[in-house]
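Asker: Sequence and computational prediction follow.
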Amino acid sequence: HMSNNNEHSEHSPLLLSATWRGVKRNRNGDENPSSFDILSCITAFITFGSMSLLLFASRRAANDAPTSSPYIVGSINKGMAPQQQQQQQHKNRNRNDMIRPGSTFLDVRGAPINAHGGGFLLHRGTHYWYGEIKSGPTHLLASNSGWGGTRVDLVGVSCYSSRDLLNWEHRGNVLPAVTAVEKSNHDLYLKNVAERPKVVYNAHTGKFVMWLHIDSEDYSRARCGVATSDRPEGPFDYQGSFRPNGQMARDLTVFVDDDSKAYLFTSSEDNVAIHVSQLSNDYLTTIGNYSRIFVGRYMEAPAVFKRQGRYYFVGSGCTAWKPNAARSAVASTIWGPWVELGNPCRGANANTTFRSQSTYTIPVHGEGGSDRFIFAADQWDENNLSDSRYVWLPLTFEEGSGNPVIGWREEWSPSLPSDAWPSS
């Protein structure tokens with residue numbers, strides 16, 4: 001768009017030159033111009049002045065425009081329509097420069113981000129955040145009253161995208177609930193449960209594969225659902241649900257190793273144990289290889305990552321929506337044995353994981369990337385689930401032991417250079 005301005009600035013000297021030539025010579029080529037020629041010259045100067053003012057105004061508008069916008073507001077330039085300009089300015093006003101754990105996270109529109117129990121995917125330089133849409137009234141079924149299992153009707157899975165992990169653009173409901181009464185037997189019917197979506201990319205098939213916990217409203221079905229898409233921003237096509245290896249499955253996560261093999265972690269056996277199951281090459285099902293870990297420990301909300309050849313686990317105990325002390329573990333192989341390391345949280349409210357529950361550990365790539373992770377968690381409001389918040393904190397490692405550590409920060413930024421990354 002600057003090319004339009006450049007064209008005028010390149011042609012303006014020609015106009016000025018032509019004007020001066022008009023002053024110096026009349027039609028006969030004489031040096032003394034006639035009154036008619038003088039009048040013509042004055043008209044030319046006025047025309048040139050008007051164009052200069054218009055050029056100045058357009059450049060001034062360009063300088064005043066938001067630096068993140070490639071458009072120039074001016075009558076000479078072909079840019080955004082007025083409505084688009086307003087939307088771009090609104091996005092700029094809602095830009096985030098810090099993470100404030102426990103606050104309401106806003107997207108670039110200024111709307112609260114609605115993506116709970118989330119999973120994250122980095123694909124071609126863009127981060128994608130998938131999560132449960134919690135909206136509508138919170139209610140408690142009689143069947144769940146014994147353990148406090150409040151819930152909202154199923155709406156679907158949301159998707160947001162970001163280049164910097166700070167400013168998130170809403171990409172829509174990528175796996176909507178089924179609302180028709182005649183389809184009430186569908187897994188995604190609004191009275192059912194679809195939680196903790198995790199998306200991985202299969203480079204062999206070119207598909208984005210979503211795994212999620214599928215259940216009845218009383219949590220008795222305990223299954224895994226699978227959906228696929230050709231694009232990270234969806235929409236996703238639901239493929240169905242099953243019990244991996246014939247076993248119950250509730251809270252889950254998916255981990256893709258360096259060799260592209262993928263593994264499913266599920267809270268199984270009525271949450272008595274965590275199961276680790278190898279996925280098929282297309283990531284659409286399990287293949288029968290699985291291991292039982294943390295048997296008798298009643299864990300849920302699993303988050304798994306790898307650092308310097310070792311596998312790490314962060315999860316929680318089973319206390320419904322109420323927070324408890326986080327748990328962590330380490331292993332030299334994905335199958336175990338896993339050695340528990342205790343609560344990685346430090347400081348005030350560490351015994352409740354800062355009143356939150358784990359959902360994912362986000363690798364931060366770039367300078368110092370191998371040692372930079374974000375602990376992402378949900379701060380549930382059991383009485384108003386739609387007002388649940390997010391707690392994101394830097395996950396660091398103790399010198400010597402290498403054990404993960406999570407400390408509270410009022411605000412912080414993942415864009416800090418590695419030497420300014422918050423220490424344990």
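Answerer: On my side now, so go ahead.

Asker: And the spatially most central residue of the chain, its phi and psi?
Answerer: Residue closest to the mean C-alpha point of the chain, counted by C-alpha atoms, centre = their mean, is Trp129 at 3.2 Å. In terms of degrees, to the nearest 10, the main-chain angles of Trp129 are phi -120, psi 120.

Asker: Quick check: closest non-adjacent residue to it.
Answerer: Among residues not flanking Trp129 along the chain, Tyr160 sits closest, at 4.4 Å (C-beta to C-beta, 6 or more residues apart in numbering). (C-beta placed from N, C-alpha, C; glycine too.)

Asker: And for the strand or helix carrying that neighbour, what's in contact with it?
Answerer: Assigned by DSSP states H and E, Tyr160 falls within strand 156-162. Applying C-beta atoms under 8 Å, 6 or more residues apart in numbering, the contact partners of strand 156-162 are 107, 113-115, 126-133, 168-177, 188, 194, 197, 210, 212, 232-234, 236.

Asker: Could you list which of those residues belong to strands?
Answerer: The strands, defined by DSSP state E, take in 126-132, 169-176, 194, 197, 210, 212 from the contacts of strand 156-162.

Asker: In ChimeraX, how would I select the buried members of those residues?
Answerer: Typed into ChimeraX, the next command selects the buried ones out of these (criterion: 16 or more other C-beta atoms under 10 Å):
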select :127,128,129,130,131,132,170,171,173,174,175,176,194,197,210,212
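
Asker: Neighbouring strands of the helix or strand where Thr253 lies in the sheet, and parallel or not?
Answerer: In the assignment (DSSP H and E), Thr253 maps to strand 252-256. Strand 252-256 pairs in its sheet with strand 262-268 (antiparallel), by DSSP bridges.

Asker: Quick check: Lys183 vs Leu341, distance?
Answerer: In this view, Lys183 and Leu341 are 46 Å apart by C-beta to C-beta, to the nearest Å.

Asker: okay, these two: which has more neighbours?
Answerer: Leu341 (18 against 11; other C-beta atoms under 10 Å).

Asker: Which of the three states applies to that one?
Answerer: At Leu341, secondary structure determined by DSSP: H, G, I helix; E, B strand; the rest coil is strand.

Asker: could you list every residue that touches it?
Answerer: Ser328, Ala329, Val330, Asn403, Pro404.

Asker: is it fair to say Lys351 lies in a helix?
Answerer: Careful, residue 351 is Asn; it's not Lys. Yes. Counting by three-state DSSP, Asn351 falls inside a helix.

Asker: for it, what are its contacts?
Answerer: For Asn351, counting by C-beta under 8 Å, 6+ apart, the contacting residues are Asn324, Ala325, Asn343, Cys345.

Asker: What pLDDT does the model give the third one?
Answerer: Pointing back at Asn343 there. On the pLDDT scale, Asn343 is placed at 98.

Asker: Wait, it touches Ser328, no?
Answerer: Yes. Using C-beta atoms under 8 Å, Asn343 is in contact with Ser328, at 7.2 Å.

Asker: neighbour-wise, which of the two wins?
Answerer: Set side by side, Asn343 and Ser328 show more neighbours around Ser328, with 23 against 16, by other C-beta under 10 Å.

Asker: secondary structure element for that one?
Answerer: Using DSSP H and E, Ser328 falls within strand 327-331.

Asker: next one: Thr104
Answerer: If you go by DSSP H and E, Thr104 is not part of any helix or strand.

Asker: Give me the spatial nearest neighbour of it, chain neighbours excluded.
Answerer: Spatial nearest neighbour of Thr104, excluding adjacent residues (C-beta to C-beta, 6+ apart): Pro112 at 5.2 Å.

Asker: burial of the one you found, as a residue count?
Answerer: Based on other C-beta under 10 Å, the number of other residues close to Pro112 is 13.

Asker: I'd assumed Asn94 was in contact with it.
Answerer: No. When contacts are counted by C-beta under 8 Å, Pro112 is not listed as touching Asn94 (11.5 Å).

Asker: what sits in contact with each of those two?
Answerer: Common neighbours of Pro112 and Asn94 are listed as Leu106 (criterion: C-beta under 8 Å, 6+ apart).

Asker: now the strands for the stretch 301-424 of the chain?
Answerer: Along the stretch 301-424 of the chain, counting by DSSP state E, counting those that start in this stretch, strands occupy 310-317, 327-331, 339-342, 345-346, 357-363, 373-379, 389-397, 404-407.

Asker: any chance of these in JSON lines, plus distance to Met299?
Answerer: Shown next, in JSON lines, are those (distance: least, C-beta to C-beta, whole Å):
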{"stretch": "strand 310-317", "distance to Met299": "5"}
{"stretch": "strand 327-331", "distance to Met299": "6"}
{"stretch": "strand 339-342", "distance to Met299": "10"}
{"stretch": "strand 345-346", "distance to Met299": "16"}
{"stretch": "strand 357-363", "distance to Met299": "10"}
{"stretch": "strand 373-379", "distance to Met299": "15"}
{"stretch": "strand 389-397", "distance to Met299": "18"}
{"stretch": "strand 404-407", "distance to Met299": "16"}
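
Asker: which stretch among those comes nearest Phe120?
Answerer: Among the strands of the stretch 301-424 of the chain, the nearest to Phe120 by C-beta to C-beta is strand 357-363 (5.0 Å).

Asker: which residues sit in contact with Leu393?
Answerer: Contacts for Leu393 (C-beta under 8 Å, 6+ apart) come out as Pro101, Phe354, Ile374, Phe375, Ala377, Ile406, Gly407, Trp408, Arg409, Trp412.

Asker: Any figure for the gap between it and Asn96?
Answerer: Leu393 sits 16 Å away from Asn96, going by C-beta to C-beta.

Asker: same deal with Ala350?
Answerer: To Asn96, Ala350 is 26 Å away according to C-beta to C-beta.

Asker: Same question for Glu398.
Answerer: For Glu398, the distance to Asn96 - C-beta to C-beta - is 30 Å.

Asker: out of the two, which sits in the more crowded spot?
Answerer: A count of neighbours by other C-beta under 10 Å puts Asn96 above the other of Glu398 and Asn96, at 17 against 12.

Asker: Low-confidence stretches in this protein?
Answerer: Applying pLDDT under 70 to the chain flags residues 1-93, 366-370, 416-421, 423-424.

Asker: what about 80?
Answerer: 1-94, 365-371, 415-424 (pLDDT under 80).

Asker: Helices of that one, start to end?
Answerer: 2-24, 35-64, 82-93 (DSSP state H).

Asker: residues near the residue nearest to Trp129, how many?
Answerer: By other C-beta under 10 Å, 24 other residues sit near Tyr160.
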